[in-house]
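Chemist: Provided below are the primary sequence and the corresponding predicted coordinates.
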Amino acid sequence: MFDLVRKEISSNNILRVGINMSNFLLVNKDSAFSKPEGLSPDIGALLAKELDLKCQYIAFKNPGELIDAIEQDKWDVGNFAFEKKRAEIIDFSNPYINIDANFIMKKDISILNNEEVDSKELKIAVVNRSAYDLWLSDNFKKAKIIRAKTITETHNLFYNQDVNILAGLKPKLLEELNNNDQFKLIDEPFTFIKQSIGIKKGNSKAMDFINNFVSRKIKDGTIKSLLKKYDLEDKLSIPV
């Protein structure tokens, strides 16, 4: 069974791990593309060890590029966020970590909850094809969604007042609040980003193996230890 799973996941003795370098929480921002470091690369290395395979990182600038690369057979497993649109072409494991996605805005905007953000009067900046962009596209029908290539560009749109609302991962938004007392955050997340391991569709035995791997790493404290290692204990949550 083990050998069959290995063949389903990798055709040689190397596990090619796709990494989204734009996820500043799970990949250290100072990492080189040739040697990504952080919680997400560590998970990939642990999975490779579990499969008795060498680990090779394949780094991508953003999640969109990572998703597209599956068609060119550039990676065996990918570390990125679950989203139902992506699940049309990729099978996702249970999440190994959760990230809150929230809104911030100027304090003079009289909005108290997430539902009120979906207004035709408002423009929301998001990272193009991020998990929360896809969620907003499915669930928000009135507000105008303004997409940018990078997190920095979305923040610039917000600062330049090209948009009213900035959508993003909570830890990064909290940095903005700490730097500017004119902003407010809606405390309740509008969605949770479920960080998972993805593989090509149709390999059920491989997915069972990966889900078992994720479950064990949560239960044995490995994920908790990685949060501590990268100083993420107050920024991310471990799935129950």
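Modeler: Structure received.
Chemist: Please list all residues in contact with the most centrally placed residue in the chain.
Modeler: With distances taken as Cα atoms, centre = their mean, residue 81 lies nearest the centre of the chain, 4.0 Å away. Residue 81 makes contact with 63, 99, 130, 131, 193, 194, 195, 196 under the criterion Cβ atoms under 8 Å, 6 or more residues apart in numbering. (C-beta placed from N, C-alpha, C; glycine too.)
Chemist: mind redoing it with 10 Å?
Modeler: Listed by Cβ atoms under 10 Å, 6 or more residues apart in numbering, the contact set of residue 81 reads 20, 23, 26, 63, 92, 95, 97-99, 101, 130-132, 134-135, 169, 191-196, 198.
Chemist: Can you give me the domain boundaries for this protein?
Modeler: 2-97+193-229, 100-191 (automatic domain parsing).
Chemist: Which strands or helices does the helix ranked longest in the chain pack on?
Modeler: Using DSSP state H, we find that the single longest helix of the chain is helix 204-219. Applying 3 or more Cβ pairs under 10 Å, 6 or more residues apart in numbering; DSSP states H and E, we find helix 204-219 packed against helix 2-9, helix 39-50, strand 90-92, strand 191-200, helix 222-229.
Chemist: I'd like the mean pLDDT over it, please.
Modeler: The average pLDDT for helix 204-219 rounds to 97.
Chemist: residues of it that come out buried?
Modeler: For helix 204-219, burial by neighbour count (16 or more other Cβ atoms under 10 Å) applies to 206, 207, 209, 210, 213, 214, 217, 218.
Chemist: picking that back up, return the backbone torsion pair for the residue nearest to the centre of the chain.
Modeler: Note on residue 81: its backbone torsions stand at phi -80, psi 140 [degrees, to the nearest 10].
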